[in-house]
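Visitor: coordinates only, sequence not included:
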């Protein structure tokens with residue numbers, strides 16, 4: 001894996017995992033699955049693939065200290081804090097410039113801190129071979145996950161013809177990215193077999209991304225160019241602070257990937273979950289005979305299909321079905337499982353009241 005680096009995006013606030021996930025302690029620091037924080041698991045998955053000095057984490061400036069504490073095996077200079085949040089396009093440009101300043105031949109694997117992977121041997125092979133394709137062909141690689149069901153919560157990638165590559169992983173020309181579909185459209189995508197979930201994982205040579213930024217997002221290309229000498233001279237943080245606030249908030253999908261014509265999709269056949277809401281715990285933790293998943297102490301009578309997080313206290317359920325119950329130190333959430341996507345609405349409503357800042 002010569003000249004290959006991994007960048008883990010860890011700037012999200014994880015509002016759908018409130019009340020345990022807050023601005024000061026977001027989702028990537030929660031140890032709900034596997035006994036470790038999600039950010040630690042993301043770094044651990046790269047063991048044997050890349051050395052720690054070639055793993056970078058991009059997070060909020062206010063989370064740098066906590067991130068360094070969570071992943072002490074990484075060099076402290078490899079935890080980079082964004083002065084303000086500007087979505088993934090700016091973060092990808094920043095990270096790729098950081099790599100380019102150290103290695104002009106660098107190839108970057110973009111990952112996120114809040115996903116769960118299984119079949120790790122296949123996962124690592126996918127990253128390794130995606131880097132080989134990106135380094136060889138002047139293309140940008142996106143990893144599409146073979147859909148397990150007709151999800152309306154994910155975007156999709158339509159795959160075209162096979163991309164010439166002789167290896168363990170199959171690659172295809174990416175024809176287009178599509179937004180989260182309605183139920184009927186999602187079912188059609190799955191039935192036709194050409195569509196894959198967009199997992200938000202990308203691989204590119206830094207020179208290839210710089211070309212794409214120059215074509216589709218010149219302000220990001222200009223920031224990239226100005227950051228290079230700043231990184232090499234030690235004035236990186238000052239230059240970043242001067243640049244970042246002026247940038248638009250836009251995702252890398254909208255800014256580049258949906259517009260570029262040199263996208264190749266790796267077929268992801270490892271098990272993947274973006275752990276987007278509390279009910280995702282049902283996919284990763286054992287359930288009792290009534291289908292309840294519990295972290296902590298819970299006594300459930302005539303109750304089924306619930307997700308309960310109750311560490312350090314007892315929760316008692318009676319006649320309750322398909323609910324999410326989460327206790328934090330000073331707040332408790334109760335909602336139906338099928339409304340878990342909407343938890344961010346209550347976070348926003350509480351924020352508007354102004355009286356609950358310490359809980360958000």
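Guide: Thanks, I have it. Source: prediction; values computed, not measured. Numbering: from 1, shown residues only.
Visitor: And for residue 304, the neighbour number?
Guide: Neighbouring residues of residue 304 were enumerated by other CB atoms under 10 Å; the total is 17. Where you see a C-beta, it was placed from the backbone N, CA and C, and this is true even at glycine.
Visitor: and the residue nearest to the spatial centre of the chain, backbone torsions?
Guide: With distances taken as CA atoms, centre = their mean, residue 112 lies nearest the centre of the chain, 2.9 Å away. In terms of degrees, to the nearest 10, the main-chain angles of residue 112 are phi -120, psi 160.
Visitor: hang on, it packs against residue 202?
Guide: No: using CB atoms under 8 Å, residue 112 makes no contact with residue 202, being 10.4 Å away.
Visitor: so how far is stretch 48-62 off the chain centroid?
Guide: Mean C-alpha position of stretch 48-62 versus that of the full chain (CA atoms, centre = their mean, to the nearest Å) differs by 14 Å.
Visitor: So the protein: which segments form each domain?
Guide: Domain assignment for the chain, taken from automatic domain parsing, gives 4-273, 278-359.
Visitor: Deepest in the core, which of these is it.
Guide: domain 4-273 (a mean of 19; mean count of other CB atoms under 10 Å).
Visitor: any chance of the domains of the chain in JSON lines, plus mean pLDDT?
Guide: Listed next are these as JSON lines, based on pLDDT from 0 to 100:
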{"stretch": "domain 4-273", "mean pLDDT": "93"}
{"stretch": "domain 278-359", "mean pLDDT": "92"}
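Visitor: Quickly list what residue 141 is bridged to.
Guide: When bridges are called by DSSP bridges, residue 141 pairs up with residue 203, residue 264.
Visitor: Please report the distance of the closest residue to residue 66 other than its chain neighbours from residue 113.
Guide: Excluding its sequence neighbours, the residue lying closest to residue 66 (CB to CB, 6 or more residues apart in numbering) is residue 29, at 6.4 Å. Residue 29 sits at a distance of 9 Å from residue 113 (criterion: CB to CB, to the nearest Å).
Visitor: wait, what's in contact with the residue nearest to residue 66?
Guide: Residues in contact with residue 29 (CB atoms under 8 Å, 6 or more residues apart in numbering) are 37, 38, 39, 66, 70.
Visitor: same check, this time on residue 30
Guide: Residue 30 is in contact with 14, 17, 20, 21, 37, 38, counting by CB under 8 Å, 6+ apart.
Visitor: All set now, cheers.
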